[in-house]
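**Student:** Any chance you can model this:
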Amino acid sequence: MNWLYNLIYGQKDREIESLRLENNLLNEELKKYIYKINIPKVYGKITSQEEVKLLMDLFRCPINITDDYLLLTSKEEAEQFIKDSKIQYKKWVKEDYDCDNFSASLYGYWSDSLKSFAFGMARSSNHQFNIFIDKDKKVWIVEPQNGKFYTPEEALKATSPDGLNYKITYIWL
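**Tutor:** From the prediction side, this is the model:
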């Protein structure tokens, strides 16, 4: 009977060990990919309470804060990181790959760094884009279709590449 136990559970142990080794290999491959990304330098952090106060003072809209604090980097580092993403070079396709897809892709690229930076998504009544808080706790609107940064005041006067507005109605950070 002992041989049957070893046969059944020994096989399970070998399967578990095989999966563990496979997982370690995947993690090593992921690290190789991540280390190819020039992750922005961290200059500090902002708490969720600071984020809410800063954003509510500017936009007075619903805000979804996902972490207790987020990391801060410079605008220059963020601009380079976004340029390196190459997301702005993707083809805009109505309803298939439009503003919400560009915004989600850029947000995902920031998540690929395995750090939680103060970079999120925002919506207006007819457009989706990104929002960023820099190391000086200055807020920037980021158009993912071309990588341009706007102050909130500039964004109110600007229109997106497809002619839509930046009057924020919702923020996810």
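**Student:** Quick one: residues contacting Asn130.
**Tutor:** Ser103, Leu106, Tyr107, Phe119, Gly120, Met121, Ala122, Ile141, Val142, Glu143, Pro144 (CB atoms under 8 Å, 6 or more residues apart in numbering). Any C-beta I mention is one placed from the backbone N, CA and C, and that applies to glycine too.
**Student:** Stretch 142-159: end-to-end distance?
**Tutor:** Length of stretch 142-159, first residue to last, CA to CA, to the nearest Å: 12 Å.
**Student:** What's the mean pLDDT across it?
**Tutor:** Average pLDDT, stretch 142-159: 94.
**Student:** Pull out the buried residues from that stretch.
**Tutor:** Val142, Glu143, Pro144, Gln145, Gly147, Lys148, Phe149, Tyr150, Pro152, Ala155 (16 or more other CB atoms under 10 Å).
**Student:** Ok, stretch 91-111 next?
**Tutor:** Going by 16+ other CB under 10 Å, stretch 91-111 has these buried residues: Asp98, Cys99, Asn101, Phe102, Ser103, Ala104, Ser105, Leu106, Tyr107, Tyr109, Trp110.
**Student:** Between the buried residues of stretch 142-159, which sits nearest Thr66?
**Tutor:** Closest approach to Thr66 among those (CB to CB): Val142, at 17.7 Å.
**Student:** Skipping adjacent residues, who's closest to the spatially most central residue of the chain in space?
**Tutor:** Geometric centre of the chain, nearest residue: Tyr107, 2.7 Å, by CA atoms, centre = their mean. Once flanking residues are discounted, Tyr107 sits nearest to Met121: 5.2 Å by CB to CB, 6 or more residues apart in numbering.
**Student:** in the sheet, who's paired with that neighbour?
**Tutor:** Beta-bridge partners recorded for Met121 (DSSP bridges): Asn130, Trp172.
**Student:** quick one: which of the buried residues of stretch 142-159 is nearest Asp134?
**Tutor:** Phe149 (9.3 Å).
**Student:** and the closest residue in space to that closest one that isn't next to it in sequence, how far is that from Asp68?
**Tutor:** What sits nearest to Phe149 in space, not counting adjacent residues and going by CB to CB, 6+ apart, is Trp140, at 4.7 Å. Remark: distance between Trp140 and Asp68 (CB to CB, to the nearest Å) = 22 Å.
**Student:** Those two: who's more crowded?
**Tutor:** The neighbour count for Trp140 versus Asp68, taken as other CB atoms under 10 Å, is higher for Trp140 (21 against 10).
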